[in-house]
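*Asks:* Got a predicted model here, sequence first, then my questions.
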Amino acid sequence: MVFSSMVFLCVFLPIVFVLYHILPSLKGRNMILIICSLFFYAYGEPVYVILMVISTILNYLFGRLLGAPGRAGKKGILAFAVLCNLGILGFFKYANMLIGTVNTLFGQDISLLELSLPIGISFFTFQAMSYIIDVYRGDVECRKSYPDVLLYISFFPQLIAGPIVKFHDIQAQIADRKTDVGEIAAGFRRFIIGLGKKVLISNVLAAAADAVFEMSGAEAGFLGVWVGAAAYMLQIYYDFSGYSDMAIGLGHMFGFSFKENFRYPYMAENIQDFWRRWHISLSTWFKEYLYIPLGGNRKGRVRTCLNKLIVFFCTGLWHGASWTFVVWGLFHGIFLLLEEALPIRKLPKALGHIYAAAVVCVGFVIFRADTLRQGLEMIGTMFSGWHAGVFLTTAALEQLTPMFLFIFTVAIVGCFPVIPRIQTRLSGKSMVSMRAAGCGASVILLLLCMFSLSGGNYNPFIYFRF
């Protein structure tokens, strides 16, 4: 486990913040961030912090080899570097999945490896590969300073659940950055908003989603499954976008500017639009480092379709060592291809929103299910279980508490850019008043979060396990 939330808020973060800002030199500040980041990770993964450090050393050395002028065989070095990174990721994350699949298909009884999954291994591995690929392409110069590479990969705000930061996006900030009171305040407000998303919204929705997904489709009934699916659809958005907000806010507090990871994805009009808005750092990573190198859309229609399916297969597999995630990824890939073959993107906006929301919601049932069998059973109930009697709707009614309905309504409203649209219509004086109100609201929100956390009302972030 990583730090408890109260320890992070009340002890770790204040200490790091003060130590960082009392140091005059950027070199000293970077070193403080490295030490504190390693301590942060080691607190939850005392053994696997060694694995992460080894990963950074290997990729630093690969970067030096790839960045050496006139060195021959760089393509081979890159291939070996990528193989090493994927090999480490594959061993710790997918070995048991492979063994289980072999056991099922061939009737074997191979023992599973007794390995725990290193927290955030998918995130820091993809960041490491971003660095070496950028150096190979000549998009960035290799860093001669190992601490620069270590800071890039280990920086604690986005280390364990993203967003995935590509090296070429922050290379200049590692060497030169500044902070001021306004940026720090804005970053802290963004951090509080993300914390509120997680603690006050996602955790409430999680209770309902978990209760439903502990049942079979028949036990939950038609209404119960829809309640659970909708709750999880909102839970995962507020959970993951909340962590991204916290990471982006913390980045600003230390002078880093990370790109947005979500852009109101449930406003999407189709699945292609959804992936332009959802987990942007992952979708752009696969586009830059997999889809385009495979040929993108430059090698004919059939090859383009195959490339997209490969990308979505990998997208699903990246999320976890289970075939449910792979099927979820391919599910989205197939709908993306259907949108190119059928006039789905020409639907009226209202119908497009409904279509996209329905596809995403059904997909997340597969994503959340413990097994493919459970996922398919629940989807079957969603579309054929309306004949169930009152008894089978009990599961749904038990979840529809006043608190759930209130938070569910707030979550729906929060899926749309209500506040930004209000801000664009305000005059100068009104904007100042709104900012003042926003500061007051941030304090109240922080107090509510701390009160909730002190009562033990907390679930780990969903993406910690990825």
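*Replies:* Sure thing, it's come through. Numbering: from 1, shown residues only.
*Asks:* From residue 311, how far off is residue 295?
*Replies:* For residue 295, the distance to residue 311 (CB to CB, to the nearest Å) stands at 11 Å. Any C-beta I mention is one placed from the backbone N, CA and C, and that applies to glycine too.
*Asks:* Tell me which of the two has more neighbours.
*Replies:* Taking other CB atoms under 10 Å, residue 295 and residue 311 do not tie; residue 311 has more neighbours (21 against 13).
*Asks:* which residues in the protein form strands?
*Replies:* Taking DSSP state E as the criterion, the chain carries no strands.
*Asks:* Select the longest helix from it.
*Replies:* helix 217-253 (DSSP state H).
*Asks:* And it, what does it pack against?
*Replies:* helix 181-196, helix 203-213, helix 349-368, helix 372-384, helix 394-399, helix 402-414 (3 or more CB pairs under 8 Å, 6 or more residues apart in numbering; DSSP states H and E).
*Asks:* Excluding chain neighbours, give the residue nearest to residue 164 in space.
*Replies:* Leaving out its chain neighbours, the residue that sits closest to residue 164 by CB to CB, 6 or more residues apart in numbering is residue 281, at 4.1 Å.
*Asks:* Verify the contact between the one you found and residue 162 for me.
*Replies:* Yes: the pair residue 281 / residue 162 is scored as a contact, 6.0 Å apart, by CB atoms under 8 Å.
*Asks:* overlap in contacts of those two?
*Replies:* residue 261 (CB atoms under 8 Å, 6 or more residues apart in numbering).
*Asks:* quick one, which of these two is more surrounded?
*Replies:* Neighbours per residue (other CB under 10 Å) separate residue 281 from residue 162, with residue 162 holding more: 26 against 22.
*Asks:* Can you pull the phi and psi angles for the more buried one?
*Replies:* Main-chain dihedrals, residue 162, degrees, to the nearest 10: phi 80, psi -170.
*Asks:* and the nearest residue to it once chain neighbours are set aside, how many residues sit next to it?
*Replies:* Of all residues not flanking residue 162 in the chain, residue 123 sits nearest, at 5.1 Å (CB to CB, 6+ apart). Residue 123 has 24 neighbours, counted by other CB under 10 Å.
*Asks:* which residues does residue 123 contact?
*Replies:* Contact analysis of residue 123 by CB under 8 Å, 6+ apart lists 158-162, 164, 466.
*Asks:* so how far is stretch 130-146 off the chain centroid?
*Replies:* Mean-position distance between stretch 130-146 and its chain equals 24 Å (CA atoms, centre = their mean, to the nearest Å).
*Asks:* got it, and stretch 398-417?
*Replies:* On CA atoms, centre = their mean, the centre of stretch 398-417 falls 22 Å from that of its chain.
*Asks:* sorry, back to before: go through the helices and strands packed on helix 217-253 and name the closest to residue 128.
*Replies:* Checking the helices and strands packed on helix 217-253 against residue 128 by CB to CB gives helix 181-196 as the closest, at 24.9 Å.
*Asks:* And the closest one, what's buried?
*Replies:* Using 16 or more other CB atoms under 10 Å as the test for burial, helix 181-196 gives 184, 187-196.
*Asks:* of these, closest to residue 318?
*Replies:* Ranked by distance to residue 318 (CB to CB), those are led by residue 194 at 22.2 Å.
*Asks:* where's the nearest residue to that closest one once chain neighbours are set aside relative to residue 258, distance?
*Replies:* Leaving aside its sequence neighbours, residue 194 sits nearest to residue 245 (CB to CB, 6+ apart; 2.9 Å). From residue 245 across to residue 258, the span is 10 Å (CB to CB).
*Asks:* again with residue 251
*Replies:* 5 Å.
*Asks:* list residues touching both of the two?
*Replies:* Joint contacts of residue 251 and residue 258 (CB under 8 Å, 6+ apart) are residue 158.
*Asks:* The residue nearest to residue 194: neighbouring residues, count only.
*Replies:* 24.
*Asks:* Residue 180 versus that one, what's the distance?
*Replies:* Relative to residue 180, and taking CB to CB, residue 245 is found at 20 Å.
*Asks:* cool, and residue 100?
*Replies:* In terms of CB to CB, residue 100 sits 53 Å off from residue 180.
*Asks:* distance of the closest residue to residue 398 other than its chain neighbours from residue 234?
*Replies:* Counting by CB to CB, 6+ apart, residue 211 is the residue found nearest to residue 398 once chain neighbours are left out, at 7.3 Å. To residue 234, residue 211 is 15 Å away according to CB to CB.
*Asks:* Quick check on those two: which one has the bigger neighbour count.
*Replies:* Using other CB under 10 Å as the criterion, residue 211 and residue 234 rank with residue 234 on top: 27 against 17.
*Asks:* just checking, residue 238 touches residue 408?
*Replies:* No: taking contacts as CB under 8 Å, residue 238 lies outside contact range of residue 408: 11.0 Å.
*Asks:* what about those two, which has more around it?
*Replies:* More crowded of residue 238 and residue 408, by other CB under 10 Å: residue 238, with 27 against 20.
*Asks:* For stretch 100-108, buried residues please.
*Replies:* Of all the residues in stretch 100-108, those buried under the rule 16+ other CB under 10 Å are residue 100.
*Asks:* could you give the mean pLDDT of that stretch?
*Replies:* Throughout stretch 100-108, pLDDT has a mean value of 88.
*Asks:* now swap in stretch 260-275 and tell me
*Replies:* Mean predicted confidence for stretch 260-275 is 96.
*Asks:* okay, it in CSV with CA atoms only?
*Replies:* What follows is stretch 260-275, C-alpha atoms only, in CSV (Å, rounded to 0.1, in the frame of the first residue of the first chain):
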residue,chain,number,x,y,z
GLU,A,260,-4.6,17.2,-19.7
ASN,A,261,-5.6,13.6,-19.5
PHE,A,262,-9.4,13.9,-19.8
ARG,A,263,-11.6,16.3,-21.7
TYR,A,264,-15.2,15.6,-20.7
PRO,A,265,-15.3,12.1,-22.3
TYR,A,266,-18.9,11.5,-21.7
MET,A,267,-19.8,14.4,-24.0
ALA,A,268,-18.5,12.3,-26.9
GLU,A,269,-20.7,11.8,-30.0
ASN,A,270,-19.0,8.6,-31.1
ILE,A,271,-16.3,6.2,-30.0
GLN,A,272,-13.5,7.9,-31.9
ASP,A,273,-14.5,11.2,-30.2
PHE,A,274,-14.5,9.3,-26.8
TRP,A,275,-10.9,8.2,-27.3
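*Asks:* With that, I have no additional questions.
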